[in-house]
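Student: Sequence unavailable; structure follows:
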C-alpha cells in the first residue's frame, strides 16, 4: 500500500471520526475488513473433495465389476488390506490391526496398503504416529495411488468406503471382502459423500461386519452377502481392580464425531452435575479445552491404552453415545466394573444385549436419570463386580477365530 493510499484512507477516517464518532469509525473499519476478507475468500480456489479419488469413483461406474473368483486350495493365503492412514487413538484401526494379527498367527500373509484422496505420503511418518498403540504385525505397509500398485492376492479387504473403490477397480484376480465397522453413509448429511459411501455396498463384496446390526442391515437393505463377528474385550488391558465405592464417572467426548452425541451428552452431564455435584466428571477421547462446558470436569484428552483401565476402575458409570454402530467401549467398561450408559436402539442392542449395559432414551433428561440410577445403587460395588464377571467368556480371541474361519472358507469357494 503506497503513501498516497494511506493518506487518503487516514483522511477518510478522520472525517468519519468527526461526523460519526468513535463507534461510527469502528463500524466503518469493520465493514472494510469484512469486504476485504470477502474478496479474498471469493478468489480462493477450492478442490472438489470426494474422499476417494475421482478417477477411481468414475472408473468403478464404467465397468461391470471384478472377475469371478475361482477359489483357491492354498493353505497359506495372501491378503491385501486397504485402509486410510492410521492415527493415534483410532479404535477402528486398532481393530483392523487386531484381525491382521489373527490372520498372521493362523499362517496367512497380510499386506497393508494406505490409500487417500491426496497423493502419497510417508509410511515412516504414519508409523511414527502409530507408535506402539497397535498390535505388532509382520505385514509390510505401502502407500498407493492406484489399486494396480498392489501385489496379486487371494483376497482384498478394504476397510472404509473410500478404499472400497480401488478394491473394486483392482484388475487382478482376488476374492473381494469388505471389512465394515460402521454404516459410513451416516457420517454425512444426505448428499454426494453419503451416496458415494452407500454405493460401495452394491459392489457385490462379501461383508465382514463388526456385530450383527451391520450384518443384518446390509443384507436386508442392499442384498449384500455378510457375516459378522461379535465384539470382545481385551482381558490383558481391562479388568476389575477396584471394589471400593467409586465417586467418578466418564464421558466418551468426541465433539467432531457426530455419531458420538457430544452435545446431548454435555446437556445430560449438566443435569447430572446439578443433582450429584460430588461426582468427578472425566472427559476422554479428545481435547475439549476450547469448548464452553457448563460444569466442572477433568479434560483427559486422548489416553494411551494402558491408562484406560485405571480410569475405568475409578468410575461408577461411563456415558458412551453411538448413533451408528455400537462403540467398542461399553464392553471395555464392563470388564473394568464400570456400568455403561448407552443410547437405546437396534444399532446398539443388536451388537450387545448384555444386561449390565444401561440402555436409555437419547434425550438429556433420560440419560441424566440413568446415570443417577447407577451411581446411587446401594449394591453398586457388588453390581460392578458381577458386570465385570459377565465379560469373562467374551474375548477377542473368539472373534478372531471366527473371522479367520470365514476368510478361509470364502476364499476356498468359487463364485
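Tutor: Cool, the structure landed. Everything quoted here is computed from the prediction, not taken from an experiment.
Student: Report the buried residues of stretch 105-121.
Tutor: 106, 108, 109, 110, 111, 112, 113, 114, 115, 116 (16 or more other Cβ atoms under 10 Å). C-beta: built from backbone N, CA, C; applies to glycine.
Student: For the fifth one, name its beta-bridge partners.
Tutor: Read that as residue 111. Beta-bridge partners for residue 111, by DSSP bridges, are residue 80.
Student: Show the contacting residues for it.
Tutor: 78, 79, 80, 81, 139, 140, 142, 150, 151, 153 (Cβ atoms under 8 Å, 6 or more residues apart in numbering).
Student: change it to 7 Å
Tutor: 80, 81, 139, 140, 151 (Cβ atoms under 7 Å, 6 or more residues apart in numbering).
Student: how close does it sit to residue 157?
Tutor: 10 Å (Cβ to Cβ, to the nearest Å).
Student: tell me the domain boundaries of the protein?
Tutor: Annotated domains of the chain cover 54-232+399-411, 248-394 [automatic domain parsing].
Student: picking that back up, for residue 111 and residue 157, list the residues in contact with both.
Tutor: 80, 81.
Student: Let me see the confidence value for residue 89.
Tutor: Predicted confidence (pLDDT) at residue 89: the value is 71.
Student: which residues does it contact?
Tutor: Applying Cβ under 7 Å, 6+ apart, the residues near residue 89 are residue 302.
Student: Can you read off the backbone torsions of it?
Tutor: Note on residue 89: backbone dihedrals following degrees, to the nearest 10 are phi 80, psi 20.
Student: ok so, going back, which one of the domains of the chain lies nearest to residue 239?
Tutor: Closest to residue 239 of the domains of the chain, according to Cβ to Cβ: domain 248-394, at 6.2 Å.
Student: now the end-to-end length of the closest one.
Tutor: Start-to-end span of domain 248-394 (Cα to Cα, to the nearest Å) is 26 Å.
Student: Ok, stretch 232-242 next?
Tutor: Length of stretch 232-242, first residue to last, Cα to Cα: 22 Å.
Student: How about residues contacting that stretch?
Tutor: By Cβ under 7 Å, 6+ apart, stretch 232-242 touches 305, 309, 312-314, 331-332, 335-337, 384-385, 388, 391, 394-396, 398-399.
Student: What distance do you get for the spatially most central residue of the chain to residue 188?
Tutor: Closest residue to the average C-alpha location of the chain: residue 92 at 5.6 Å, with Cα atoms, centre = their mean. Computed as Cβ to Cβ, the residue 92 to residue 188 distance reads 17 Å.
Student: Is it correct that residue 186 is in contact with residue 324?
Tutor: Yes - using Cβ atoms under 7 Å, residue 186 makes contact with residue 324 at a distance of 4.7 Å.
Student: Around residue 193, how many other residues sit close by?
Tutor: Residue 193 has 19 neighbours, counted by other Cβ atoms under 10 Å.
Student: Next up, the contacts around it.
Tutor: residue 51.
Student: joint contacts of residue 186 and residue 324?
Tutor: Taking Cβ under 7 Å, 6+ apart as the criterion, residue 186 and residue 324 both touch residue 259.
Student: so where does residue 342 fall, helix or strand?
Tutor: With elements taken from DSSP states H and E, the one containing residue 342 is strand 339-343.
Student: Return the distance of whichever strand or helix holds residue 157 from the chain's centre.
Tutor: For residue 157, the host element (DSSP H and E) is strand 155-158. Remark: strand 155-158 is offset 20 Å from the chain centroid, using Cα atoms, centre = their mean, to the nearest Å.
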